[in-house]
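Asks: Any chance you could fold what I've pasted below:
(one chain, ligands or ions: 1)
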Amino acid sequence: MRIIQSTSEIQRTITQLRQTGKTIGFVPTMGALHQGHLSLIEHAKKESDVVLVSIFVNPAQFGPKEDFNQYPRDMQRDTEKCSHAGTDILFTPSAPDIYPEGFRTYVSVEGLSEIMCGQARPGHFRGVATVVLKLFNIVKPHKAFFGQKDFQQTVIIKRMVKDLNVNMNIVVLPTVREADGLAMSSRNQYLSKEDRSAATCLYRALKKGRSLFEDGNKDADKIREVILHTLREEPSAHLEYLAIVHPETLEEETIAGKGTVIAIAAGIGTTRLIDNIIL
Ligand code: AMP
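Replies: Residues are numbered from 1 along each chain as shown. Predicted coordinates for the structure are as follows:
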């Protein structure tokens, strides 16, 4: 595995690879890698000649009161995991390389970015869309791989790629979970022992909603009620939002159907967690 820090060097390398007809699969991450990330890398390996993983904790997507400084960083372990999962190139740019002095251009995917996670995290998706488009321009992948875990992010990135004629495919892969159902996340490390066990309520609640739907109840209000009831049983869970939405427009649905997404954000103790399920 090659490790490249410099943007110009990665661009030179990609140009050469593309000239020899290689397909590039790209997995952007913020590091603190877990099996969720590794599943994207392993899948990318099956669909591309060269797998490129980036690790960049993107300051532009953190709010002023968020955990940018505390965000877990462990480059040595991440390097080992990447190599083991079959990564060919690991790209680890520095913040000044991505946001040099005088940086002024941002990407806003309007309408999709201000709702759901965007309400509690204003500017978050502007930071995400901007860095992802920059990385796409640098890496020029044929395919990029994202996790369903961050469902709203996948919708925003797909919209951006379509709207801005970015010539590549976005592949979304299923959420990888712990044995008890908790969606893997770099932020799970923040959870205390008690909060870690309480955190299972998100997926438990989502599954209750799905069972109701599968039993023939399509009324979104009914599904919402069951989910809220399950979440209320967990005293350390503080619901931020529960959205039952269309998978592309993210508009609230009154009648759930196949493809409808149920998404939750909740605080467990002091840790903010998200999860979702596609019906
Ligand atoms: P992050 O490092 O949190 O920015 O995530 C990098 C990529 O990994 C994103 O596409 C995430 O959606 C994806 N990802 C994070 N957690 C999981 C998970 N539990 N299962 C699948 N993909 C995930």
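
Asks: Run through the residues that contact whichever residue of the stretch 51-200 of the chain sits closest to the ligand.
Replies: Using C-beta to the nearest ligand atom, residue 147 is the residue of the stretch 51-200 of the chain that sits closest to the ligand, at 2.1 Å. Quick note: C-beta positions are derived from backbone N, CA and C, even for glycine. Contacts for residue 147 were tallied using C-beta atoms under 8 Å, 6 or more residues apart in numbering; they are 36, 37, 39, 40, 154, 172, 173, 174, 175, 176.

Asks: swap in residue 49?
Replies: Here residue 49 is in contact with 17, 22, 23, 24 (C-beta under 8 Å, 6+ apart).

Asks: List phi and psi for the residue of the stretch 51-200 of the chain closest to the ligand.
Replies: When read as degrees, to the nearest 10, the backbone of residue 147 gives phi -90, psi 140.

Asks: Residue numbers of the stretch 101-250 of the chain in contact with the ligand?
Replies: Residues of the stretch 101-250 of the chain lying close to the ligand (C-beta under 6 Å from any ligand atom) are 146, 147, 149, 150, 175, 176, 183, 184, 185, 186.

Asks: Could you double-check that residue 212 sits in contact with residue 223?
Replies: Yes - applying C-beta atoms under 8 Å, one finds residue 212 in contact with residue 223, separated by 5.4 Å.

Asks: Between the two, which is the more surrounded one?
Replies: residue 223 (25 against 19; other C-beta atoms under 10 Å).

Asks: Wasn't the more buried one part of a strand?
Replies: No - secondary structure assignment (DSSP: H, G, I helix; E, B strand; the rest coil) places residue 223 in helix, not in a strand.

Asks: Next one, pLDDT for it please.
Replies: On the pLDDT scale, residue 223 is placed at 98.

Asks: confidence score at the residue most central in space within the chain?
Replies: The centroid of the chain falls nearest to residue 150 when counting by C-alpha atoms, centre = their mean (3.6 Å). Residue 150 carries a pLDDT value of 98.

Asks: swap in residue 257?
Replies: Note on residue 257: pLDDT of 98.

Asks: for it, what are its contacts?
Replies: Going by C-beta under 8 Å, 6+ apart, residue 257 touches 218, 279.

Asks: Does it belong to a helix, a strand or coil?
Replies: Put simply, residue 257 is coil when judged by three-state DSSP.

Asks: Report the separation between it and residue 209.
Replies: The spacing between residue 257 and residue 209, counted by C-beta to C-beta, to the nearest Å, is 14 Å.

Asks: picking up where we left off before, helices - which of the residues of the stretch 101-250 of the chain next to the ligand land there?
Replies: Among these, no residue falls in helices (DSSP state H).

Asks: top of these by neighbour count?
Replies: These, ranked by neighbours (other C-beta under 10 Å): first place residue 185, 24 neighbours.

Asks: Hmm, residue 149 and that one touching each other?
Replies: Yes - using C-beta under 8 Å, residue 185 is in contact with residue 149, at 7.0 Å.

Asks: Overlap in contacts, these two.
Replies: Taking C-beta under 8 Å, 6+ apart as the contact rule, the neighbours common to residue 185 and residue 149 are 36, 274.

Asks: so where's the longest helix in the protein?
Replies: As assigned by DSSP H, the longest helix anywhere in the chain is helix 124-139.

Asks: which helices and strands does that helix pack with?
Replies: helix 7-19, strand 24-29, strand 50-55, helix 117-120, helix 151-163 (3 or more C-beta pairs under 8 Å, 6 or more residues apart in numbering; DSSP states H and E).

Asks: Go again with 10 Å.
Replies: Packing partners of helix 124-139 (3 or more C-beta pairs under 10 Å, 6 or more residues apart in numbering; DSSP states H and E): helix 7-19, strand 24-29, strand 50-55, strand 89-91, helix 95-98, helix 117-120, strand 143-147, helix 151-163.

Asks: Please enumerate the shared neighbours of residue 257 and residue 209.
Replies: The contact sets of residue 257 and residue 209 overlap at 220, 279 (C-beta atoms under 10 Å, 6 or more residues apart in numbering).

Asks: got a list of what residue 214 touches?
Replies: residue 279.

Asks: give me phi/psi at it?
Replies: Dihedral angles of residue 214 (phi, psi; degrees, to the nearest 10) stand at phi -70, psi -20.

Asks: And residue 38, which helix or strand is it part of?
Replies: Using DSSP states H and E, residue 38 sits within helix 35-47.
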